[in-house]
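Student: Quick one, structure for this:
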Amino acid sequence: MIMFCPKCGNADQQIDTFCRNCGTFLPDFDKLKSKENTPEAHLKANTVLSLMTGIVSLTLAILLYSIFLGKPDTPIIIYITAGFLTAMFFWQAQSFWRNLLLKKQIPPRNVETNAQIEDANTGKLLNEPNFENFVPTSVVADTTKNLDKLPRKST
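Tutor: Coordinates of the predicted model:
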């Protein structure tokens, strides 16, 4: 596929290469568009990463404490590092918890295109809309009520 460079406008450029005139990278925008993720996928990735980071930081903190706690010549930096790892575990734990709460708030996506809608008052399903005799409203409909009334001049 041939494209124009968005920076210099040079024609006949190949996708996923650099512009022959200015050197700007020309990505395949169709590939980039297909990589979009849903909010659910982002939440799932954040949840998994928070869980993994929390487990690793807690494990490392426990190892540092178990190896160096009580030894006479332990440098203070070991205790500071273990403290930071413990704090990082608690931060990731609350992040994991908040992600779980967010997942509950996102309504499930309806994959059906002809989803039926319930009436908010009765809870019964609404009838399918009939657009056969539909007439769109005019752009100027009901706009004269917003005009100020001018007094008539007598002649």
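Student: Find the nearest non-adjacent residue to the residue nearest to the spatial centre of the chain, please.
Tutor: Centroid check for the chain by C-alpha atoms, centre = their mean gives P39 as the closest residue, at 4.7 Å. Nearest residue to P39 in three dimensions, chain neighbours excluded: I106, at 6.3 Å (C-beta to C-beta, 6 or more residues apart in numbering). C-beta coordinates here come from the backbone N, C-alpha and C atoms, glycine included.
Student: Need the pLDDT of the one you found.
Tutor: The model reports I106 with a pLDDT of 80.
Student: Next up, the contacts around it.
Tutor: By C-beta atoms under 8 Å, 6 or more residues apart in numbering, the contact set of I106 is 39-40, 43.
Student: Which parts of the protein are helices?
Tutor: Taking DSSP state H as the test, the helices found in the chain are 29-34, 39-68, 76-105.
Student: Could you export these to a markdown table, including columns for distance to P151?
Tutor: Shown next, in a markdown table, are these (distance: least, C-beta to C-beta, whole Å):
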| stretch | distance to P151 |
| --- | --- |
| helix 29-34 | 60 |
| helix 39-68 | 57 |
| helix 76-105 | 56 |
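Student: looking at the ones you listed, which has the lowest confidence?
Tutor: helix 29-34 (a mean of 63).
Student: on that earlier part again, distance check, the residue nearest to P39 against R98.
Tutor: 13 Å (C-beta to C-beta, to the nearest Å).
Student: I15 now?
Tutor: From I15 over to R98 (counting by C-beta to C-beta), the distance is 40 Å.
Student: contacting residues for the residue nearest to Q92 when sequence neighbours are not counted?
Tutor: Nearest residue to Q92 in three dimensions, chain neighbours excluded: G54, at 3.5 Å (C-beta to C-beta, 6+ apart). Counting by C-beta under 8 Å, 6+ apart, G54 touches 88-89, 92-93, 96.
Student: again, 7 Å this time
Tutor: 89, 92-93, 96 (C-beta atoms under 7 Å, 6 or more residues apart in numbering).
Student: Then V48?
Tutor: By C-beta under 7 Å, 6+ apart, V48 has no neighbours at all.
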